[in-house]
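Asks: pasting the sequence and the predicted model now:
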Amino acid sequence: QADIGSAGASPSLSRHGSWVSSGLPTLQVGRMASAARGPRISAAVGGRRTRGGRRIKFEEESPPKPYDWRCTPDHGKAPATSAATPKVDDVGEPPDGILKLQSAEGEVFEVRAELLWASSLIRSVVADAGLDEEIPLPKASAETVAFFLRLCDPSRQAVVGLGLHDISEEEFGGLIWLAKLLDMQRVLLQQLAHLVNDEFPDVYVGIPAELQMLLLRHASDTLQSAALCHILRSVVRAPMSKMYASGIVLAITPMIGSPDENVRVAAFEALMNFRVVEAKLVLLEHRDFGVRASANRFLRAATPSEETVGAVLQLAANHHSFLVREAAAKALGDIAPVGHELAVQTLADLLADEAREVREAASGALRGIGGTDDPVVIAAVIRQALSKDWPVRSVALAVLAEIAPSKRELVEALATAMQNGGATMAKMAAARVLQSMRSVKELRDSTQRDSEEQRDNIAGAHGSPPSSLAGPRWGDESGEED
C-alpha cells in the first residue's frame, strides 16, 4: 500500500476510481484497502462532492445526440446540403381587437385577433379591410366554427374534459377543411396531439387513419414517444394515395435519426414495412449493408417506373458516399430497361468512379442493360476504355468484351496495347480479358464441331454420306465454279 498522505501532494479521485497526484504516477487503491480506510463522501456542495476534505467534480450527463444513420461521406466530400427549412413569416404583433367570423349559416362569431393571428388569410383580410370586416367561412357550419375556436385556444382551458371520442368523423372532416382554409392546420393538429397524449393509450384504438397520417406529418414533435411509436407502426398499413405515401415517407425519414431509441426503431421498422418505392429509396442511403440490400430486393421485385429510375439515377450520379453509389448502380442494373440511354450514360460514367466497389457494380449493371452490339453503349464504354487511369481502362475493357462480340478485333487491339505497357496490374487485367476471349472462341468452335459431328452421325445412321463428303444442298451458297 502507498501512503499518499506522506507524499505531500494533493491527490484527487479520477473518473475511474484511481488516485491521481501531481508529480506522482497513478496509484490504484485495492478494494480492501479502500474499505479499511473507510473514505467518506459528503453531500454535494455547490455542484461538487468532497472526499476527506478534498472536492471531487463529476461530469454532467450530456443530452442524447441524434443518431447518424446515413452512409459516411467519402474522404474529402461533404454531404449534400438539404433544402433549407423555410423561414416562418414574421407575423408581427396582433392588433388589440376583435375579429368577426361568419359561418355558412350566417352566424357571426367574435374572437380575439391574437387567437387566429397565425392565419395568413386572417392577416391579409385585416390588412386590406381592417378589423370591422366580417370574414366569411363558406361550407363551415356554425358548430364547426365554434368547435375550431374552442380547440385553438392556446391555454387549453376550453378543451378541459374534451376527448377525441367527442369528435365525430363528420366534425373531424369539417375541422380539417376549415384549418386548411385558414392555413392553421398545424395549430389544429398540435391541439389534437395534446388530446392524444392526454388519453393515450386508451384513445389510440379510436384514432382515425387519416388523423394518424396528419398527426405524423404536421404534429409529430408534439406527440409523446409512446403515442408516436404506435402511430408509426400502424400508419404504414393504412391504404393511402401515392401523394399521401410520399408525404408520410418525408415525415418519417428524420425520425430515423431521433435521439429517442424507441422512436428511432419504430421509424426504421415503418420504412422497412412500408410497401412503397419512396421508402426504399430512403433506405438505399442507410449505413447498414443489409438494409441497402433489402431495399434493392424490393426495387427489383416492384414494377419500375420512369420516376423511380430517375430517382435512382440521381443517387448513383451525385451521392457523396460510394456505398450509396454502389447500391444505386446495382439497382439500375435491375430496374432500368435494356438500352435506357440515361442509365447507360450514368453507369458508363461510374466506370471511372474512384471507388473500386462502384466501378464493379457499374460494370455488372452495364452487362445487364447494355444489350449486345448497341452502338450507343459501345461508344460510351470505349470512351472509358481510352482513359489514362489503368483501373478504369481495365473494367471498361472487360465490359466491352462482353457487350460487343462483333468488335473482337478492337477489343483485342486495346487489350494488347494495355498488355504491352503500363502498370503490372493493368497487364494482368488485359491478359485476363484476352484469355477470356480465347476461351469463348474455343468453346464456340468446340460446340460447332460437336454439332457437325452429331449431324454426321445422324446422317450415317440413315445411309446418307457425311456432310463433309456430300455435295451441295438446296440453299447452299454457290461457288465461282457453279
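Replies: Received, thanks.
Asks: contacting residues for the residue lying closest to residue 344 once chain neighbours are set aside?
Replies: In space, and not counting its chain neighbours, residue 344 is closest to residue 377: 5.3 Å by CB to CB, 6 or more residues apart in numbering. Bear in mind the C-beta positions are built from the backbone N, C-alpha and C, glycine included. With contacts defined as CB atoms under 8 Å, 6 or more residues apart in numbering, residue 377 is in contact with 339, 344, 348, 366, 370, 371, 403.
Asks: out of these, which is nearest to residue 132?
Replies: residue 344 (66.6 Å; CB to CB).
Asks: low-confidence stretches in this protein?
Replies: When residues are selected by pLDDT under 70, those of the chain lie in 1-63, 78-91, 156-166, 201-207, 422, 439-450, 452-453, 456-457, 459-482.
Asks: residue 133: neighbour count?
Replies: Residue 133: 12 surrounding residues under other CB atoms under 10 Å.
Asks: confirm for me that it is in contact with residue 124.
Replies: No: here residue 133 lies out of contact with residue 124, judged by CB atoms under 8 Å, at a distance of 11.2 Å.
Asks: could you tell me how many residues sit around residue 384?
Replies: Counted with other CB under 10 Å, residue 384 comes out at 22.
Asks: which residue packs closest to the most centrally placed residue in the chain, ignoring adjacent ones?
Replies: Geometric centre of the chain, nearest residue: residue 282, 2.1 Å, by CA atoms, centre = their mean. Setting aside the residues directly before and after it, residue 282 is nearest to residue 253 in space (CB to CB, 6+ apart), at 5.3 Å.
Asks: got it, and residue 217?
Replies: Per CB to CB, 6+ apart, closest to residue 217 is residue 251, 4.5 Å.
Asks: over to residue 390?
Replies: In space, not counting the residues next to it along the chain, residue 390 is nearest to residue 426; the distance is 3.6 Å by CB to CB, 6+ apart.
Asks: residues near the one you found, how many?
Replies: Neighbours of residue 426 (other CB under 10 Å): 18.
Asks: am I right that it sits in a strand?
Replies: No: read with DSSP: H, G, I helix; E, B strand; the rest coil, residue 426 is helix and lies in no strand.
Asks: quick one: residue 184 and residue 175 touch, right?
Replies: No: using CB under 8 Å, residue 184 is not in contact with residue 175, being 10.3 Å away.
Asks: who has more neighbours, the two?
Replies: With neighbours defined as other CB under 10 Å, residue 184 and residue 175 compare such that residue 175 has more, 23 against 20.
Asks: following the one helix or strand that one maps to, which helix or strand shows up next?
Replies: Using DSSP states H and E, residue 175 sits within helix 169-182. Per DSSP H and E, helix 169-182 leads on to helix 185-199 as the next helix or strand towards the C-terminus.
Asks: how far is that next one from where the chain is centred?
Replies: Its chain's C-alpha centre and that of helix 185-199 lie 28 Å apart, by CA atoms, centre = their mean, to the nearest Å.
Asks: who does it touch, helix- and strand-wise?
Replies: helix 142-151, helix 169-182, helix 209-218 (3 or more CB pairs under 8 Å, 6 or more residues apart in numbering; DSSP states H and E).
Asks: now render the ones you listed as TSV, adding distance to residue 95.
Replies: Below are the helices and strands packed on helix 185-199 laid out as TSV (distance: least, CB to CB, whole Å):
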stretch	distance to residue 95
helix 142-151	18
helix 169-182	17
helix 209-218	27
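Asks: looking at these, which is closest to residue 69?
Replies: Using CB to CB as the measure, helix 209-218 is the one of these that comes nearest residue 69, at 18.5 Å.
Asks: just want the angle from that closest one to helix 169-182.
Replies: 30 degrees (axes from the mean of the first three to the mean of the last three CA atoms, to 10 degrees).
Asks: all good on my end, thank you.
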